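Trainee: Sequence first, then the predicted structure:
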Amino acid sequence: MVRPVTNLNSDISATSANLELWPIGNCQVSGLIDQSGSLVWGCIPRVDGDPVFCSLLNGEQNQAGVWRFELEGQVSASQKYIRNTPILVTRLESEDGSVIEVLDFAPRYEGKGRMYRPVAFGRIVRPIAGNPRIKVVMRPMKNYGAGLAETTNGTNHIRYLVGPQALRLSTDAPVGYILEQRTFRIEEDTHFFLGPDEPFAGNLREEIRRMEQSTRKYWQEWVRSLAIPLEWQKEVIRCAITLKLCQHEETGAIVAALTTSIPEAAHSERNWDYRYCWIRDSYYTVQALNRLGALDVLEKYLGYLRNIVDSAKGGQIQPLYSVMGESELDETTAAYLAGYRGMGPVRRGNAAYKQVQHDCYGQIVLPTVQGFIDERLLRIADDRDYESLEEVGEMAWAMHDQPDAGLWEFRTRQEVHTYSAVMSWAACDRLANTAEWLGKSDRARLWRERADTVRAKIETEAWKENGEGGHYGASFESDYLDASLLQMVELRFLAPEDDRFQQTFAAVEKHLRRGDHMLRYAAEDDFGAPETAFNVCTFWLIEALHLAGRDEEARNLFKTMLSHTTQSGLLSEDLDYETGELWGNFPQTYSLVGVINCAGLLSKPWSEVR
């Protein structure tokens, strides 16, 4: 589907920046293309690297940190992905009827026995109608916006000195025109390959076209392997592709989002760096993709988890790590970047790595269990893996009634959070299930007893009598509510028909629902009262409505949420429940998981059409 954007002007002001962005990537690098076809965000050499394309967060200086093709006299643009791929086509039209198309992709395909996914972006500019004239604006930056990258050049390339490893732009366009930003007529397909600083091997035109075709084939075959619901197929496919783009394939880590410091609400300073692997977010991501049969993502992620567990040596697991497994993610600010719409700070690193969040133990155990059972996997987990996983379970058992920062990562207070305790119960419960599967009856008995003990503790400490039938509280110490309580059914701690769940759902809906949207919590936190809805919580609401037998309401609310997606079919973390504007880092894995899960729950069965 072509999405039109009219009255575009290349001199976009900082205040008009928005999240109408189109991700491209290859599971090594990723980029975000805006409505004008400009590459406005892209980090090198991986997702948590230096944003050499940082226009998105460069405030009024958004003419730097960008790569775009300006069509002379441009009046409109429209964009679409090539079907079942993250390859983007942007069509630009000028006032005299001239038209060009820009095709954007990051190469990804198998060759010579391995996956080719270089630190590279390919762009092809095609004249479609008239006599189009373009200007290539290529202004990468270095050191988080500290300055423009210096250049050197040859006959058919330009080197951009962005850091220790330069980037080389190989092209069949006139290099002098690019360096001097001169407008020139484009009369045939023109090719651009920004990648490693090495001579481009082979015929540029033929090789880039071959790369694009091979990349297209890879993604379409990957999508072909998915088991998707009957309804909302295109929406689910787009979310699945984007979730896969959030995996750093080299290690298997899955990042929470591709960006840093898009504020959760205007001028809120709730600006966080999400280019890291949260154990919690990754659990939800592999769970959703697992439902679609995308075992490749799960297998890679399980390898990442095994390395994390090995490094912890039976000790505390952090809430998040870098994609390379680095544990220290010191939080600093990028002084040279003004931020999204000038709303800084721009943060690099995330101090949440220092927090204690006990739910992470359950979120390691739950996806890992499949590794012992699923015969489709290339590597079936063994007894040594189970012993290692039991070390994680021991931490869940030890910490199930201890205070932590909780899943919402409060920075100034700790309580015994119900969600964390339920995750600890789930860790013990699933370890018991796995032991039974493996024939380890003594271990199954031990973990079952522990699960029962944790359950009893939760039932005693988390249940709050309030004169209205009672409900579970968000923590053992207080009776305030948060949306994570709706996950008690998903985790199989409660059955949907359980009176205690029904009463808790009613209380959560009453206190946290805002029209068609759901807050994480309404109580003030470190930054005051939340101002925006948290998109995944709205999807949790939709799931709860379905479980409560309110299917028509659930379907209508799901359709409403889909109406808030970007033109690329995606969602960020947060949404202004009064204006409908998207806020927060983009694309947010949590939110895309919500689309996939709800589509699967609410869709009509394939048997209706087969």
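Mentor: Perfect, thanks for sending it. On a predicted model such as this, the values are computed, not experimentally measured, just so you know. Numbers count the residues shown, from 1 in each chain.
Trainee: can you give me the helices for this protein?
Mentor: Along the chain, the stretches classed as helices by DSSP state H are 175-180, 204-224, 233-245, 279-291, 295-312, 359-373, 383-399, 418-438, 441-461, 487-490, 499-512, 535-547, 551-563, 589-602.
Trainee: what angle separates the last one from helix 233-245?
Mentor: The one in question is helix 589-602. 140 degrees (axes from the mean of the first three to the mean of the last three C-alpha atoms, to 10 degrees).
Trainee: Now helix 589-602: average pLDDT?
Mentor: Helix 589-602 shows an average pLDDT of 98 in the prediction.
Trainee: which non-adjacent residue is nearest residue 39?
Mentor: Counting by C-beta to C-beta, 6 or more residues apart in numbering, residue 39 lies nearest to residue 67, which is 4.3 Å off, once chain neighbours are set aside. The C-beta positions use only the backbone N, C-alpha and C, and glycine is treated the same way.
Trainee: Give me the pLDDT for that neighbour.
Mentor: Reported pLDDT for residue 67: 98.
Trainee: okay, the helices of the chain in TSV with distance to residue 74 and mean neighbour count next?
Mentor: Shown next, in TSV, are the helices of the chain (distance: least, C-beta to C-beta, whole Å; neighbours: other C-beta atoms under 10 Å):
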stretch	distance to residue 74	mean neighbour count
helix 175-180	18	14
helix 204-224	24	17
helix 233-245	27	22
helix 279-291	38	23
helix 295-312	39	19
helix 359-373	47	23
helix 383-399	55	19
helix 418-438	49	25
helix 441-461	60	16
helix 487-490	47	21
helix 499-512	45	19
helix 535-547	33	25
helix 551-563	29	16
helix 589-602	31	25
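Trainee: Now render those as TSV, adding distance to residue 475.
Mentor: Shown next, in TSV, are the helices of the chain (distance: least, C-beta to C-beta, whole Å):
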stretch	distance to residue 475
helix 175-180	58
helix 204-224	42
helix 233-245	31
helix 279-291	17
helix 295-312	26
helix 359-373	13
helix 383-399	14
helix 418-438	6
helix 441-461	9
helix 487-490	14
helix 499-512	14
helix 535-547	17
helix 551-563	28
helix 589-602	21
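Trainee: For this protein, give me the ranges with low pLDDT.
Mentor: Within the chain, the stretches with pLDDT under 70 are 1-16.
Trainee: For stretch 406-418, give the distance from the opening residue to the closing one.
Mentor: 9 Å (C-alpha to C-alpha, to the nearest Å).
Trainee: which residues are in contact with that stretch?
Mentor: With C-beta atoms under 8 Å, 6 or more residues apart in numbering as the test, stretch 406-418 has contacts from 280, 319, 351-352, 355-359, 401-405, 419-420, 458, 461-462, 472-478, 482, 484-485, 520-521, 525-526.
Trainee: next one: stretch 143-161
Mentor: Contacts for stretch 143-161 (C-beta under 8 Å, 6+ apart): 50-52, 54, 57-58, 61, 64-65, 138-142, 162-163, 166-172, 175, 178-179, 197, 199-200, 204, 334, 336-337, 346, 348.
Trainee: hmm, back to that, and residue 106, which of the helices of the chain is closest to it?
Mentor: Nearest to residue 106, of all those, is helix 204-224, at 7.6 Å by C-beta to C-beta.
Trainee: Just the CA trace of the closest one, in CSV.
Mentor: Taking Å, rounded to 0.1, in the frame of the first residue of the first chain, the C-alpha atoms of helix 204-224 are listed here in CSV:
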residue,chain,number,x,y,z
LEU,A,204,28.9,-1.5,-8.9
ARG,A,205,25.6,-1.4,-10.8
GLU,A,206,25.4,-5.2,-11.2
GLU,A,207,26.5,-6.0,-7.6
ILE,A,208,24.1,-3.6,-5.9
ARG,A,209,21.2,-4.9,-8.0
ARG,A,210,22.2,-8.4,-7.2
MET,A,211,22.5,-7.5,-3.5
GLU,A,212,19.0,-6.0,-3.5
GLN,A,213,17.5,-9.0,-5.3
SER,A,214,19.2,-11.5,-2.9
THR,A,215,18.0,-9.4,0.1
ARG,A,216,14.5,-9.3,-1.2
LYS,A,217,14.5,-13.1,-1.7
TYR,A,218,15.9,-13.8,1.8
TRP,A,219,13.2,-11.7,3.5
GLN,A,220,10.3,-13.1,1.4
GLU,A,221,11.4,-16.6,2.1
TRP,A,222,11.7,-15.9,5.8
VAL,A,223,8.2,-14.5,5.9
ARG,A,224,7.0,-17.5,4.0
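Trainee: helices or strands up against it?
Mentor: Where contact means 3 or more C-beta pairs under 8 Å, 6 or more residues apart in numbering; DSSP states H and E, helix 204-224 is packed against strand 99-105, strand 109-111, strand 121-129, strand 190-196, helix 233-245.
Trainee: Could you dump those into TSV and include distance to residue 563?
Mentor: Supplementary listing: the helices and strands packed on helix 204-224 in TSV, determined by distance: least, C-beta to C-beta, whole Å:
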stretch	distance to residue 563
strand 99-105	26
strand 109-111	35
strand 121-129	31
strand 190-196	35
helix 233-245	11
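Trainee: Ok, which of these comes nearest residue 76?
Mentor: The closest of the helices and strands packed on helix 204-224 to residue 76 is strand 99-105. By C-beta to C-beta, the value is 9.7 Å.
Trainee: what's the nearest residue to residue 187 if we skip its chain neighbours?
Mentor: Spatial nearest neighbour of residue 187, excluding adjacent residues (C-beta to C-beta, 6+ apart): residue 127 at 6.2 Å.
Trainee: Next: residue 352.
Mentor: Spatially, and ignoring its direct neighbours in sequence, residue 352 is nearest to residue 409 (4.9 Å; C-beta to C-beta, 6+ apart).
Trainee: The one you found: neighbour count?
Mentor: Other residues lying near residue 409 total 19 when counted by other C-beta atoms under 10 Å.
Trainee: who's sitting farthest from the centroid in the chain?
Mentor: Residue farthest from the centre of the chain, counting by C-alpha atoms, centre = their mean, is residue 467 at 41.3 Å.
Trainee: Identify the bridge partners of residue 39.
Mentor: On the basis of DSSP bridges, residue 39 is bridged to residue 33, residue 67.
Trainee: Now do it against residue 337, distance only.
Mentor: According to C-beta to C-beta, to the nearest Å, residue 39 and residue 337 sit 16 Å apart.
Trainee: and if you look at residue 410?
Mentor: Applying C-beta to C-beta, the value for residue 410 to residue 337 is 27 Å.
Trainee: More neighbours: the two, which one.
Mentor: Neighbours were counted for residue 410 and for residue 337 using other C-beta under 10 Å; residue 337 has more, 28 against 17.
Trainee: Got the phi and psi for the residue nearest to residue 352?
Mentor: For residue 409, the backbone dihedrals (degrees, to the nearest 10) come out as phi 60, psi 50.
Trainee: Let the chain start at 350 from now.
Mentor: Renumbered: residue one is now 350, and that last one reads residue 758.
Trainee: was I right about the residue nearest to residue 388 contacting residue 402?
Mentor: Yes. The pair residue 416 and residue 402 passes the contact test of C-beta atoms under 8 Å, sitting 6.2 Å apart.
Trainee: dump the residue contacts of residue 924.
Mentor: Residues in contact with residue 924 (C-beta under 8 Å, 6+ apart) are 866, 881-882, 884, 887, 913, 930-932.
Trainee: Restricted to strands, list those.
Mentor: Using DSSP state E, 866, 882, 931-932 are the members of those that sit in strands.
Trainee: so which of those would you say is closest to residue 575?
Mentor: Nearest to residue 575, judged by C-beta to C-beta, of these is residue 931 at 25.8 Å.
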